[in-house]
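> Following is a predicted model, sequence given first.
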Amino acid sequence: MGVGKSVIRVDSVEKVTGRSKYVEDIYMSGMLHAYVFRSPVSHGVIKRLDVEKAKECEGIHGIFTWKDVPGKNIIHVIYDDQIFLAKDRVLYQGQPIAVIAAKTPEKAREAAKLIEIEIEKQTPLVDFEQSKGSDIKIYGDDNVFCSFKVKRGDIKEAIKNEDLIKVEDTYYTQHQEHAYLEPQGAIVYWENDTLTIRGSMQAPFYVQQALTEVLNMKKSRIRVIQQTTGGAFGGKEDVPNIVCAQAAICAYHLKVPVRMVYERDEDMMTMSKRHPGRTKISLYCDKNGFFKAIKGEYLENAGAFSTLTPAVLYRGTVHLTGPYNIDNVDVIGEAVATNTVPNGAYRGFGSPQVIFAMESIIDTMAKKLNMDPVRLREINLLKPGEKTCTGQIVDDSMGMQEVFKKCVKESDYFKRKEEIEKYNEENEFYKRGLGVSTLYYGVGLGAAGKHMSRCAAVVKIDGDGSMTVSVGITEMGQGLRTVAAQMTAEAFGVDEDLVVVSEIDTSRIMDTGPTVASRGTITAGWGIVQATGRIKKRIHKFLEKKYKERFEDVHYRDGKVYFGKNEMDFHELIDLCTSEKVRLHETALDMPPECTFDDNGQGEAYFVYAWAMNVVETKVNLLTGEVDIIKAHCCHDVGKAVNPREVKGQIMGGSLQGLGYGLMENMQLSSSGSLLTRNFSTYTIPTSCDYPEFIPLIVESEYSKGPYGAKGFAEQPLMGMAPALTNSIRDACDIHLKNIPATPERVYKLLMEEK
Amino acid sequence: MLMYLSIKVNGKDHKLKVSTTKRLLDLLREDLKLTGTKEGCGVGECGACTVIMDGKAVNSCMVLASQANGCEIITVEGLEENGELSRLQKNFLESGAVQCGFCTPGMLMSAKALLMKNPNPTVEEIKEAIAGNLCRCTGYKQIVEAIEKTAKEK
Ligand code: FES
Ligand code: FES
């Protein structure tokens, strides 16, 4: 009961019995199915589009193109460059052109074959390193969507010092597919004059905003409800805007329920991914190993439209230099357009790419200095009171040092290092290695997203003592509903059983921004603490009036209420309050602490940071290049673990996604920008046979401003796993992977070169 | 083409008229309204649609309804015992084996099929049995532990 306990998830009974209703489980009478007709080419000009013949097919109720869009033909995210239904140009293979509403998905697919289209093909721009200033124009004059910089100290001056030791390298990372198990989907129907959307999504308010613009309808006439969502990881942040708009345009015109559930190959081909990246780093340190200066250049491949790229790039740029104390910083981030599927949010949000580079180059430096990589990190890690690359002092909830100590100790790093050395001496074909990474994560939207940063909750206590809580934060598997129930129950010292966390519905709760950036616990929590606090205050006043006595405190514990010398059952209290008309209903809206970011990238980039360290052990087969991940210690400072079991769940699940990214997940594109890996047979993700022995470790350095000390961290487990993995491979067999994933082919090739 | 088939699902006999090209997955979800069985990929790669057919775990997206004629099927809806969660289901909750829940029904069915055949599996056997069931949320460890615990309790 309450905060800090591993209570059982409030949504798990419905999930183990099959009673949870996901979008694909909703059937409505008269329901039609939507299917999208898409561009077959990566770049071209539409010369002719004729859907009339297709419309005549049996079972087809309508086919909608840009001509049928009542509002703006734009899917709003940040910039307004994303076209809803292509009119004259197509910029990536799979770009939506028309939406078909049919009796069955099969009929829709047959009709799609009869749509007549003539596209004049143009040369696609696929290689993102060629994008800036290319003759092929996708966005603006130079194909650059956005850029950010972080400048601190005086880099020019600093590197004049000839005694500094320099290492320099360039690293490449690939697309990563979210592979949420439930594909994208939504069902849209009219309820009287309100268009109602139920969808698999992270950000219902995004969807509401996007549909307002596409359909030219008032927000209050568009009601968005989040349906049980089968995983998201960022892949359902902005993308449901598109999916819901597709189903909505059919329902808008046809006035019947329309369901849209993506098939897996369509989902993989056309939905957002992690941005591929190139990161160049030059790192300078003195002969004792202290980092003195760093130069970084980060280039992101955004794909055809900007979608969330500006926000993703912001985070990547700010996170490049890692949790280290470096006085002189010069980092620039840039995102460019290509004729490939638009990339967007994915757990870590632009940072795993640069963390891979930074954590790899630190190991290069360690080698050069002949120092252990852990020692080199140790002397450079930020301490409370020191400044990040944006000049922000980190002192509140600053658990880096504790994380480091705990992780080194629990993983028995130095002893295992010796054992492994011995093993490697004795074994010819198998080599083992230990690799580490240390990292931090700015919780919340940061300065780049501060306009969306709000928190709210509605708490209502019924006469029988049961409560309903509504927050603007979604449950996508991460456990938000459980955590929200725990925090509410904690406030009144009662069991979670009494609390129902209602589904998110835009008609019931105000917009508190998207459920992203590890901000769920803190955003919902702030609202809950405030709303419950106000109700408690009101009860306090009421009791004083009733008892004609001042009470220092009204204390709620184990279903009882204590004030002065009095003790009362919680239910009795609520019963009394209800009969005496005390208002037990509260809406709270609050703003989180302010964030700033000036032209030089200096400021309070995020209001608080989470801290982490990973130690990964691998075994490399020198004859085949195959890598086995043996053990992974993953240590995270989370502020307060509201539910330790779920925190560990986030650590292990996230870490395995990170190991997949580092080891095997390999999206393939043809030279013309066509995505070749379209299902789990070719895009392989870790299975039950791939996970290592996980040792999740929790550090709780409470955040003074956080709800019950919590701060959020759920992206962080993914972020540092790829470099911990490649560093351990490097430790095992002395090969330096500058690209991921570490496929057997890639490892083997490097082993051959090494010989 | 339509055909008649008889099928036993979660202990109940059904006689149905279905198209010969219908998948077992659709028969369960659409004709019998048993939507607990999920579709994650439709091509036999994710295991979300796993059900037990005559004692064996199968991907119901890869089985034609006609192939299930005369067979006995168990789906996630058939796991509860006397209106209560089975030990396996309870252990899934208690081990933290459920996050988004989309893989869960399939995972449970692969686990159940394993335990029906092999009541004392090793960890390796458990991992093997659910190797065709993808889970993107949990990292698997909790799922394997839940199955292990269920076996030990018997
Ligand atoms: S839906 Fe059947 S295996 Fe994926
Ligand atoms: S719990 Fe989400 S895929 Fe397994």
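Cool, the structure landed. Because the structure is a prediction, the values reported are computed rather than measured. Numbers count the residues shown, from 1 in each chain, chains lettered A, B, ... in the order given. Ligands and ions are numbered 1, 2, ... in the order given.

> So what's the residue count around residue A:754?
Other residues within reach of residue A:754, judged by other CB atoms under 10 Å in any protein chain shown, total 11. For glycine as for every other residue, the C-beta is placed from the backbone atoms N, C-alpha and C.

> Check whether it really touches residue A:736, as I assumed.
No - between residue A:754 and residue A:736 there is no contact under CB atoms under 8 Å: 9.2 Å.

> what residues are up against residue 123?
I'll assume chain A. A:43, A:136 (CB atoms under 8 Å, 6 or more residues apart in numbering or on different chains).

> nope, chain B
Residues B:144, B:148 are the ones in contact with residue B:123 under the rule CB under 8 Å, 6+ apart.

> Distance-wise, check it relative to residue B:129.
Distance of residue B:123 to residue B:129, given as CB to CB, to the nearest Å: 11 Å.

> so what's residue 102 up against?
You didn't say which chain, so I picked chain A. Residues near residue A:102 by CB under 8 Å, 6+ apart: A:32, A:33, A:34, A:35, A:59, A:60, A:61, A:108, A:111.

> right idea, wrong chain: chain B
Contact analysis of residue B:102 by CB under 8 Å, 6+ apart lists A:22, A:180, A:181, A:182, A:230, A:231, A:477, B:38, B:40, B:48.

> Just give the closest residue to it, not the sequence neighbours.
In space, not counting the residues next to it along the chain, residue B:102 is nearest to residue A:230; the distance is 3.1 Å by CB to CB, 6 or more residues apart in numbering or on different chains.

> what about the closest residue to ligand 1 within the stretch 1-150 of chain A, how many neighbours?
Proximity of the stretch 1-150 of chain A to ligand 1 (CB to the nearest ligand atom) peaks at residue A:24, 10.7 Å away. Here the number of neighbours of residue A:24 (other CB under 10 Å) works out to 22.

> Same question for residue B:33.
Other residues within reach of residue B:33 by the criterion other CB under 10 Å amount to 10.

> Please apply the same query to residue A:271.
Other residues lying near residue A:271 total 23 when counted by other CB under 10 Å.

> Can you tell me, leaving aside adjacent residues, what's nearest to it?
The shortest distance from residue A:271 to any residue that is not its chain neighbour, by CB to CB, 6+ apart, is 5.3 Å, and that residue is residue A:239.

> Now the closest residue to residue A:323 other than its chain neighbours: which helix or strand?
For residue A:323, ignoring the flanking residues on the chain, the nearest one in space by CB to CB, 6+ apart is residue A:440 at 3.9 Å. Under the criterion of DSSP states H and E, residue A:440 resides in strand A:430-442.

> Which strands border that strand, and is each parallel or antiparallel?
When sheet partners are counted by DSSP bridges, strand A:430-442 sits next to strand A:609-621 (antiparallel).

> how far out from the middle of the chain is the helix or strand that comes right after the partner strand?
On the C-terminal side of strand A:609-621, the closest following helix or strand by DSSP H and E is strand A:627-637. Its chain's C-alpha centre and that of strand A:627-637 lie 20 Å apart, by CA atoms, centre = their mean, to the nearest Å.

> Does the helix or strand following strand A:627-637 reach ligand 2?
Heading C-terminal from strand A:627-637, the first helix or strand you meet, by DSSP H and E, is helix A:644-663. No - using CB under 6 Å from any ligand atom, helix A:644-663 stays clear of ligand 2, coming no nearer than 7.9 Å.
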